[in-house]
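Colleague: The sequence isn't on hand, but the structure is:
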């Protein structure tokens, strides 16, 4: 599973789901244990690779995790790698040596859990507290944030409903329409009636807050220029209260198609458009929008707690490519803003 994640671009969650579907013999507890191990390894990937002499294959990372994260002594790790039955093959001499040698003195980027090339930016941004910021970004498991569809229900009513279902919701610190569930045990939100009926959506509080700050309002013409999966489209629609014109666009047809059922479930409407790579297909909205909301393609560093695999896929070259793309998108989106209108630019 770890090798598949490293070699591809799919989210770890999707790779785990596909593995479970292809290996039905694994029960729910087994799948849960495997998922926990995968995410544990991904969050500590830099440290584990360092301990294992620079190896980045799944086997090495798991062996390193048994020693560094679980604190198992060498003899117990060897017992788990007996090669008997379906067990993994015995440890090599090099693997034994790496476990016995331990971590040693870790470079700052390894200890912080960051890709090496981003460290200087972190130091420049956060100063002496950069390692604490890095650990907070990478290591804790992210809570589950929910956005309440206040067109259908009050936040307090949803909180009570979730509590009756055995969950432990709290109010989100900043979003007035947000609720937060602890990451452990992981809740199956999509199985809840409140989700199926469109009364809640899974959405990080940061996304909820930027929708509020964009200040969409009833009667406006609003464009969600890089709509993606449509989460912020729903947030903007809620602020507009069914009055005005909301246009959601993206360059990928599949993303647009995925928004449709979410709109229906939430009971809101939006025009959906596929645009060309140079912004074609939006000319009728030039100088017409009160608000253009641009959630630009980016490094995704703000989501690394939830998707730690993305930290290790990012390269300096990819950051440069994304910067050039963002500049182009910003110029395209700016053409749609009416004089005196607002252009809201967001990255995570």
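Modeller: It's in. These numbers were taken from a predicted model, which means no experiment stands behind them.

Colleague: Please enumerate the helices of the stretch 201-348 of the chain.
Modeller: 205-214, 231-240, 253-266, 316-334 (DSSP state H, counting those that start in this stretch).

Colleague: Dump those to CSV, plus mean pLDDT.
Modeller: Shown next, in CSV, are the helices of the stretch 201-348 of the chain (pLDDT from 0 to 100):
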stretch, mean pLDDT
helix 205-214, 95
helix 231-240, 95
helix 253-266, 95
helix 316-334, 95
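
Colleague: of all these, which lies closest to residue 46?
Modeller: helix 316-334 (15.8 Å; Cβ to Cβ). Where C-beta positions appear, they are placed from N, C-alpha and C, glycine not excepted.

Colleague: Name the residues that touch the closest one?
Modeller: 117, 223, 225-226, 278-279, 282, 292, 294, 296-299, 343, 345, 347 (Cβ atoms under 8 Å, 6 or more residues apart in numbering).

Colleague: Could you do stretch 52-62 as well?
Modeller: Counting by Cβ under 8 Å, 6+ apart, residues outside stretch 52-62 touching it are 1-3, 6, 37, 41, 45, 48-49, 63-64, 88, 94-95, 98.

Colleague: Out of those, which two sit at the greatest distance?
Modeller: 1 and 94 (22.9 Å).

Colleague: Figure out the length between the terminal residues of stretch 299-319.
Modeller: 6 Å (Cα to Cα, to the nearest Å).

Colleague: any idea how far that stretch is from the chain center?
Modeller: 9 Å (Cα atoms, centre = their mean, to the nearest Å).

Colleague: Pull out the buried residues from it.
Modeller: Neighbour counts using 16 or more other Cβ atoms under 10 Å place 299-301, 303-312, 314 of stretch 299-319 among the buried residues.

Colleague: Show me the contact partners of the helix or strand of the chain with the lowest mean pLDDT.
Modeller: Using mean pLDDT, DSSP states H and E, helix 108-112 stands out as the lowest-scoring helix or strand of the chain, at a mean of 85. Helix 108-112 has contacts (Cβ under 8 Å, 6+ apart) with 46-47, 50, 115-116, 119, 122, 130-131, 134-135, 138.

Colleague: which one of the buried residues of stretch 299-319 sits closest to residue 164?
Modeller: Nearest to residue 164 out of those is residue 306 (Cβ to Cβ; 26.8 Å).

Colleague: Tell me if I'm right that the closest one and residue 142 touch.
Modeller: Yes. Here residue 306 lies in contact with residue 142, judged by Cβ atoms under 8 Å, at a distance of 4.4 Å.

Colleague: burial measure for residue 63, as a count.
Modeller: By the criterion of other Cβ atoms under 10 Å, residue 63 has 26 neighbours.

Colleague: just to revisit the earlier point, for residue 161, which of the helices of the stretch 201-348 of the chain is the nearest?
Modeller: helix 253-266 (16.6 Å).

Colleague: buried sites along the closest one?
Modeller: Buried-residue list, helix 253-266, by 16+ other Cβ under 10 Å: 255-256, 259, 262-263, 265-266.

Colleague: can you check stretch 263-283 too?
Modeller: By neighbour count on 16+ other Cβ under 10 Å, the buried set for stretch 263-283 is 263, 265-266, 268, 270, 272, 275, 279, 282.

Colleague: Could you pull out the residues contacting both of residue 306 and residue 142?
Modeller: Shared contacts of residue 306 and residue 142, defined by Cβ under 8 Å, 6+ apart, are found at residue 204.

Colleague: Make TSV from the helices of the stretch 201-348 of the chain and add distance to residue 58 to it.
Modeller: Below are these laid out as TSV (distance: least, Cβ to Cβ, whole Å):
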stretch	distance to residue 58
helix 205-214	31
helix 231-240	31
helix 253-266	29
helix 316-334	23
